[in-house]
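Enquirer: pasting the sequence and the predicted coordinates here, then a few questions.
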Amino acid sequence: MRKGTIFIALGTALLLFGSYQGLFVAPAEQYMGDVQRIMYVHVPTAWNWMLSVLFALWCAVAFLFRNNMKWDSRLEAGLEVSTLLAFLLCCQGSIWARPTWGVWWDWDPRLTTTAVLLFATIGILALRSAVQEPVKRAIWSSVATIIAAVDLPIVYYSVKWWNSLHQQQSTPQTVSSAFHLPLRVNAFGVLFLMIGFIMLRTRIAAARLERELAGPPVRIGEEAGELA
Amino acid sequence: MTQGVISGGWQFVWMAYGITATAFIVYGVSLFVRLRGATTP
């Protein structure tokens, strides 16, 4: 079994255990009641989304310095997985917002800056699919990723800089110890799942790149001019 | 809602977990399918 598949299996097992703990074992929160259980998937998704953006940033910088195409394959994987996590983050946040804030969406700084980064990564992926030349594609998407990643510290500090609807970051230090186990287990579950996804996606990107660099297939006899 | 306390809301909890599970499963399956297509000569 490949490493990526092992990470996915481990992540799935942890997520199943952590979600069971969060849904059926952990107590309901004093004011938010059962709705607070959304935190056990929302917060781990947020932490790992930030890690995936940092990973993509690292790959972009590494490609520009090393000029090695393996970093471009990793960048593509990081961008796609970060888009998935950002999309989930916005969906979970929206579902959380409805019963707690009374609206599905609010143009609060945390939500807005997260949405900006989601659309930025979608844009970079669209750019990648539009550019056929591999080196040009790698350079352009690396530069675009570095520019987009400037938004990440703004997302992180938005709840500290602006007094808005979104609460401060939830960490084991800011929540009751009764909530620690499902929060931590799911955090590692999403982390392992994300690592597995990135590993598999990198292999897909590397295989495509290999085909592109090899050029179009040549029919037997065509090269020698027999068909000319 | 009574005195600032949210009661009920399980439908939102299931919705959040359902969307998360569906997205992970669909993306995971798509990766295995795409990987098979990409590595098959």
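Expert: Yep, that arrived.

Enquirer: tally of neighbours for residue A:215?
Expert: Taking other Cβ atoms under 10 Å in any protein chain shown as the criterion, the count of residues near residue A:215 is 7. C-beta: built from backbone N, CA, C; applies to glycine.

Enquirer: and the pLDDT at it?
Expert: At residue A:215, the model reports a pLDDT of 75.

Enquirer: what are the phi and psi values for it?
Expert: When read as degrees, to the nearest 10, the backbone of residue A:215 gives phi 80, psi 180.

Enquirer: all helices for chain A, in order.
Expert: Along chain A, the stretches classed as helices by DSSP state H are A:3-20, A:39-66, A:69-101, A:109-130, A:134-149, A:151-161, A:180-214.

Enquirer: and these as TSV, adding distance to chain B and mean neighbour count?
Expert: Below are these laid out as TSV (distance: least, Cβ to the nearest Cβ, whole Å; neighbours: other Cβ atoms under 10 Å in any protein chain shown):
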stretch	distance to chain B	mean neighbour count
helix A:3-20	6	18
helix A:39-66	5	22
helix A:69-101	5	23
helix A:109-130	13	17
helix A:134-149	15	18
helix A:151-161	20	15
helix A:180-214	4	20
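
Enquirer: centroid-nearest residue for chain A?
Expert: Nearest to the geometric centre of chain A sits residue A:82, at 2.0 Å (Cα atoms, centre = their mean).

Enquirer: worst-scoring helix or strand of chain A, pLDDT-wise?
Expert: One helix or strand of chain A scores below all others by mean pLDDT, DSSP states H and E: helix A:151-161, with a mean of 91.

Enquirer: so what's residue A:113 up against?
Expert: A:151, A:154, A:155, A:158 (Cβ atoms under 8 Å, 6 or more residues apart in numbering or on different chains).

Enquirer: the second one: what's it in contact with?
Expert: Contact criterion Cβ under 8 Å, 6+ apart gives residue A:113 as the residues in contact with residue A:154.

Enquirer: if you set the cut-off to 10 Å instead, what comes out?
Expert: Contacts for residue A:154 (Cβ atoms under 10 Å, 6 or more residues apart in numbering or on different chains) come out as A:109, A:110, A:112, A:113, A:114, A:116, A:117, A:161.

Enquirer: also the first one?
Expert: Contacts here follow Cβ under 10 Å, 6+ apart; on that basis residue A:151 touches A:53, A:113, A:114, A:116, A:117, A:118, A:120, A:158.

Enquirer: max pairwise distance over these: which two?
Expert: Largest separation among the contacts of residue A:151 by Cβ to Cβ: A:120 and A:158, giving 15.5 Å.

Enquirer: CSV for the contacts of residue A:151, including distance to residue A:104?
Expert: CSV is the format used below for those (distance: Cβ to Cβ, whole Å):
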residue, distance to residue A:104
A:53, 24
A:113, 18
A:114, 15
A:116, 18
A:117, 20
A:118, 16
A:120, 22
A:158, 19
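
Enquirer: doesn't residue A:33 make contact with residue B:9?
Expert: Yes. At 6.1 Å, residue B:9 counts as touching residue A:33 under the criterion of Cβ atoms under 10 Å.

Enquirer: okay, the two: which has more neighbours?
Expert: residue B:9 (22 against 19).

Enquirer: what's around residue A:131, how many residues?
Expert: Using other Cβ under 10 Å, residue A:131 has 15 neighbouring residues.

Enquirer: which residues does the closest residue to it other than its chain neighbours contact?
Expert: Using Cβ to Cβ, 6 or more residues apart in numbering or on different chains and skipping the chain neighbours, the partner closest in space to residue A:131 is residue A:137 (4.0 Å). By Cβ under 10 Å, 6+ apart, the residues touching residue A:137 are A:72, A:76, A:127, A:128, A:129, A:130, A:131, A:209, A:212.

Enquirer: list just the nearest of the residues you listed to residue B:31.
Expert: residue A:76 (12.6 Å).

Enquirer: taking the contacts of residue A:154 together, which two end up most distant?
Expert: A:117 and A:161 (16.2 Å).

Enquirer: near chain A, which residues of chain B?
Expert: Taking Cβ under 10 Å from any Cβ of the partner chain as the contact definition, chain B meets chain A at B:1, B:3-28, B:30-40.

Enquirer: quick one: which of those residues sit in helices?
Expert: B:10-28, B:30-39.
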